[in-house]
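J.: What follows is a predicted structure for the sequence shown.
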Amino acid sequence: MKILKLMTSLTLGALSAQAFAGAAQKPNVLFIVIDDMNDWTTLFDKSNPIKTPNLERLAARGMFFSHAYSVVPGCNPSRAAVLTGYKPETTQCFENKGTTDWYKTKPDAVTLPQYFRNNGYRAKGAGKIFHFTAAGDDPRGTSHSWDDFQKLVRTDAPHLNGYTKDMKGVSGLANVGWDWGETSALQGDEKMFEYVSRAMDEKSDKPMFLAAGILRPHLPFYAAAEFFKPYPLDKVTMPPMPAADLDDVPQAGRKMASDQHFIYNNTTQHQPPDPRSLQRMVQCYQAASSYADSLVGRLLDKLDASGKADNTIIVLWSDNGYHLGDKTSCVKFTLWEKANRIPFIIVAPGVTKPGSRCHTPVTLLNIYPTLLELAGLPPKADNEGQSLVPLLKNPNAEWKQAAIMTMGDGNKALRTERWRYIRYKDGTEELYDEQKDPWEWTNLAGKSDYTGEISKLKALLR
């Protein structure tokens, strides 16, 4: 009997050790979110003006999706879609502001870090992960999604763009939230990096889902002097801004472009070197983008130094793009390319081929199911995206889910490898040939030569 008990004990011990070993081999996840970075970077094209060597360095480790798009071109709804796995029609979260926040319509939603946590992971994060109104945290409270979370820390700095509170008629720009310029003030992103860096050094018998939310290049466009060096003001590359650009755009599209139009209206009244000029604002956006890129490099350096890189899935994405005066807009919130096309990179050891590119149009709605499959976790049945693992294994694999963007209830855009088709709630349309017209100057909708193409795209949109 004693021998039997001993054998049973040894067997159970061996099984427990095997189970522990299996758990220990689960991959870690480093989840990097950048705010408001568009596609005008060297990651997409070496000739682009915004220098992002660390994004390129990360892409060299795995797969870069060259045609990845936000689900909604706005911080709150974009992040809601990624972190809940639901389309905006399901959560009714279409905008940054308003009463239809996802946590009100879907209070029991299981978020991505929460799902990992429920399946044996520690979930930790810092910075802007969820929308900033909750300081980057789960708006229902930290304990819903995280074991621990360091909330977003703001950067305190004076007005640097020349707009002051006593200037009359300068709506919004008198608020420091719309500021830009060179500053030596400690960026809130530094606090995020310190937290994530410490978390990487922690030892545990559980794998970790670790989120790093980078606030830049979101307004205020702040950066230290070193990040301005690649962008001297007199040589800043500006986007093309033809005078009649919106003449063929429906009223619904022009209305979207006019959101926060006070930025465009006021900055275009000044010429450089005036700090209030559009050129200075663009320079500061580019410098802030380089600062965000430097943080990606530091996160990679830290991960490599931790010795955990070979067992860590890395996913990097930006919540939406950004207009810099093109389309008469200096923000996001439109259904055009610059507001929606974003950096998106996945590094999955043993799955992705280093330096690979996928040109299939995809959206960020696919992140949730992709990470579950890569980590070997059970699928979440109500996810509305599809796993990208087939494309990670073969970038030319067949892909059937259309890349659809939404801005406000009923306004949608569809992106194929060649076309961007936009259909507004009132039935008006836009069509752009992205191969010939990447800045979307010529709306082809309504021209008889394209009725057949529009019919096919409309069917895909439905």
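T.: The structure has been received and is ready for your questions.
J.: pretty sure residue 183 is touching residue 156, no?
T.: No: Residue 183 is beyond contact range of residue 156, at 9.5 Å (criterion: CB atoms under 8 Å). Backbone N, C-alpha and C define where each C-beta goes, glycine included.
J.: Looking at these two, which one has more neighbours?
T.: A side-by-side neighbour count of residue 183 and residue 156, using other CB atoms under 10 Å, places residue 183 first with 19 against 10.
J.: Any stretches of the stretch 101-250 of the chain with poor pLDDT?
T.: For the stretch 101-250 of the chain, applying pLDDT under 70 flags the ranges 169.
J.: Apply 90 and report the result again.
T.: Along the stretch 101-250 of the chain, the model assigns pLDDT under 90 to residues 101, 132-135, 153-159, 162-172, 174-177, 185-186.
J.: the strands in it, which residues?
T.: Secondary structure of the stretch 101-250 of the chain by DSSP state E, counting those that start in this stretch: the strands cover 122-127, 148-150, 180-182, 208-214, 221-223.
J.: Dump the ones you listed to JSON lines, plus distance to residue 297 and mean neighbour count.
T.: Listed next are these as JSON lines, based on distance: least, CB to CB, whole Å; neighbours: other CB atoms under 10 Å:
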{"stretch": "strand 122-127", "distance to residue 297": "16", "mean neighbour count": "26"}
{"stretch": "strand 148-150", "distance to residue 297": "21", "mean neighbour count": "20"}
{"stretch": "strand 180-182", "distance to residue 297": "21", "mean neighbour count": "22"}
{"stretch": "strand 208-214", "distance to residue 297": "12", "mean neighbour count": "27"}
{"stretch": "strand 221-223", "distance to residue 297": "15", "mean neighbour count": "26"}
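J.: how about these in CSV, adding distance to residue 136?
T.: Shown next, in CSV, are those (distance: least, CB to CB, whole Å):
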stretch, distance to residue 136
strand 122-127, 5
strand 148-150, 8
strand 180-182, 21
strand 208-214, 5
strand 221-223, 17
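J.: To residue 58, which of these lies closest?
T.: With CB to CB as the measure, strand 208-214 is the member of the strands of the stretch 101-250 of the chain nearest residue 58 (12.4 Å).
J.: same for the closest one, what does it pack against?
T.: strand 28-34, helix 112-118, strand 122-127, helix 188-201, helix 278-306 (3 or more CB pairs under 8 Å, 6 or more residues apart in numbering; DSSP states H and E).
J.: Could you list the paired strands of it along with their orientation?
T.: Strand 208-214 has these partner strands in its sheet, going by DSSP bridges: strand 28-34 (parallel), strand 122-127 (parallel).
J.: Could you tell me the angle between the first one and helix 188-201?
T.: Going back to what we said before, that points to strand 28-34. Relative orientation of strand 28-34 versus helix 188-201 (axes from the mean of the first three to the mean of the last three CA atoms, to 10 degrees): 170 degrees.
J.: Tell me what angle strand 28-34 forms with helix 278-306.
T.: Using the same axes, to 10 degrees: strand 28-34 against helix 278-306 is 170 degrees.
J.: what separates strand 28-34 from the chain centre, distance-wise?
T.: Taking CA atoms, centre = their mean, to the nearest Å, one finds strand 28-34 lying 11 Å from the centre of the chain it belongs to.
J.: CA atoms only: put the helix or strand just after it into CSV for me.
T.: Using DSSP states H and E, the helix or strand that directly follows strand 28-34 along the chain is helix 53-59. The C-alpha trace of helix 53-59 is given here as CSV (Å, rounded to 0.1, in the frame of the first residue of the first chain):
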residue,chain,number,x,y,z
PRO,A,53,14.0,53.3,-37.9
ASN,A,54,12.8,51.4,-34.8
LEU,A,55,9.5,50.5,-36.4
GLU,A,56,11.5,49.3,-39.4
ARG,A,57,13.7,47.3,-37.0
LEU,A,58,10.6,45.7,-35.4
ALA,A,59,9.2,44.9,-38.8
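J.: nearest residue to residue 405 other than its sequence neighbours?
T.: Spatial nearest neighbour of residue 405, chain neighbours left out: residue 413 (4.4 Å); criterion: CB to CB, 6 or more residues apart in numbering.
J.: Looks to me like that neighbour is in a strand.
T.: Yes: Residue 413 sits within a strand when classified using DSSP: H, G, I helix; E, B strand; the rest coil.
J.: How about the contacts made by it?
T.: 335, 336, 340, 404, 405, 406, 407, 420, 421, 422, 423 (CB atoms under 8 Å, 6 or more residues apart in numbering).
J.: Equivalent analysis for residue 110, please.
T.: Shown in contact with residue 110 (CB under 8 Å, 6+ apart): 84, 118, 380.
J.: Of these, keep whichever come out buried.
T.: Taking 16 or more other CB atoms under 10 Å as the criterion, what is buried in those is residue 84.
J.: and the contacts of residue 110 as JSON lines, adding distance to residue 111?
T.: Converted to JSON lines, the contacts of residue 110 look like this (distance: CB to CB, whole Å):
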{"residue": "84", "distance to residue 111": "6"}
{"residue": "118", "distance to residue 111": "10"}
{"residue": "380", "distance to residue 111": "10"}
